[in-house]
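Engineer: Here's a sequence, model it:
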Amino acid sequence: MATVKKVATKSAFRPSEHVVYPAHGVGQVQAIEKTEFAGHELELIVVTFAKDKMTLRVPVAKAKTVGMRKLADAETMKKALDTVAGRARVKRTMWSRRAQEYEAKINSGDLVAISEVVRDLYRAESQPEQSYSERQLYEAALDRMAREIAAINKSDETAAVKLIETQLAKSPKRTAKVDEADEEELQEKAA
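Structural biologist: Sure, this is the predicted structure:
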């Protein structure tokens with residue numbers, strides 16, 4: 001039987017602080033506990049994800065290895081919002097490969113990489129409809145990005161989504177054709 005004790009620790013994370021766990025997004029540290037399993041004492045960071053109704057216990061020693069990190073700083077958030085406002089960069093590869101790349105970016109926990117997925121999969125009303133899997137990936141990326149921006153700005157997710165959508169509206173017109181700059185880039189790579 002495991003015994004649990006709340007402890008003061010030298011962990012980089014503090015109770016009630018928001019953190020990002022790559023595979024699940026933004027959560028809140030509830031406590032740092034010491035638990036004994038099979039005669040070994042473990043220090044665990046207890047992280048709750050309210051929206052997912054989930055609690056995760058991460059060993060302090062493994063937190064960095066699994067990619068758990070503090071919220072992004074204001075500069076990184078600005079870079080992510082600028083990325084969203086940029087031109088979509090959609091590779092000419094099969095959808096299954098692109099979907100895997102997008103999924104990897106979403107699960108990386110990197111705010112800028114997630115913003116790239118939002119930018120690339122965004123569709124304006126005037127553009128063709130997304131497939132189901134595109135829409136699922138877009139919504140997952142938008143949700144992860146909005147949760148982190150909301151936590152950084154100490155606002156709600158609705159305000160964060162509006163901020164992201166405002167940035168998306170600033171992006172250059174998305175067209176199906178390859179524009180001249182991209183065409184020149186492709187020719188340079190071919191040479």
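
Engineer: next structured bit after the helix or strand harbouring residue 119?
Structural biologist: Residue 119 is part of helix 111-121 when elements are defined by DSSP states H and E. Past helix 111-121, heading to the C-terminal end, the next element that is a helix or strand (DSSP H and E) is helix 132-153.

Engineer: what about that following helix, average pLDDT?
Structural biologist: Taken as a whole, helix 132-153 has a mean pLDDT of 94.

Engineer: and for the following helix or strand past it, what are the contacting residues?
Structural biologist: Beyond helix 132-153 on the C-terminal side, the first helix or strand identified by DSSP H and E is helix 157-169. The contact list for helix 157-169, computed with Cβ atoms under 8 Å, 6 or more residues apart in numbering, reads 81-82, 84-85, 118-119, 122, 142-143, 145-147, 149-150, 153. The way it works is simple: take the backbone N, C-alpha and C, and place the C-beta from them, glycine included.

Engineer: Of the residues you listed, just the buried ones, ChimeraX syntax please.
Structural biologist: Here is the ChimeraX command that selects only those of these that count as buried (16 or more other Cβ atoms under 10 Å):
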select :81,84,85,118,119,122,142,143,145,146,147,149,150
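
Engineer: Can you tell me which of the contacts of helix 157-169 is closest to residue 27?
Structural biologist: Of all those, the one with the least separation from residue 27 (Cβ to Cβ) is residue 147, at 9.2 Å.

Engineer: Give me the nearest residue to that closest one, chain neighbours excluded.
Structural biologist: residue 26 (4.3 Å; Cβ to Cβ, 6 or more residues apart in numbering).

Engineer: give me the element the one you found is part of.
Structural biologist: Element membership of residue 26, judged by DSSP H and E, is strand 25-37.

Engineer: buried stuff in the helix or strand following that strand?
Structural biologist: Where DSSP H and E defines the elements, the next helix or strand beyond strand 25-37 is strand 40-49. Judged by neighbour count (16+ other Cβ under 10 Å), strand 40-49 contains these buried residues: 42, 43, 44, 45, 46, 47, 49.

Engineer: can you check stretch 47-57 too?
Structural biologist: Residues of stretch 47-57 classed as buried by neighbour count (16+ other Cβ under 10 Å): 47, 49, 56.

Engineer: and the gap between the last one and residue 29?
Structural biologist: Spelled out, that is residue 56. Going from residue 56 to residue 29 by Cβ to Cβ, to the nearest Å gives 10 Å.

Engineer: domains of this structure?
Structural biologist: Residue ranges for the structural domains of the chain, counted by automatic domain parsing, are given in the record as 4-70, 74-175.

Engineer: what is the mean pLDDT for the shortest one?
Structural biologist: In this model, domain 4-70 has an average pLDDT of 86.

Engineer: ok, back up a step: can you put the buried residues of strand 40-49 in CSV and add distance to residue 172?
Structural biologist: As requested, these are exported to CSV (distance: Cβ to Cβ, whole Å):
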residue, distance to residue 172
42, 51
43, 49
44, 47
45, 42
46, 44
47, 38
49, 35
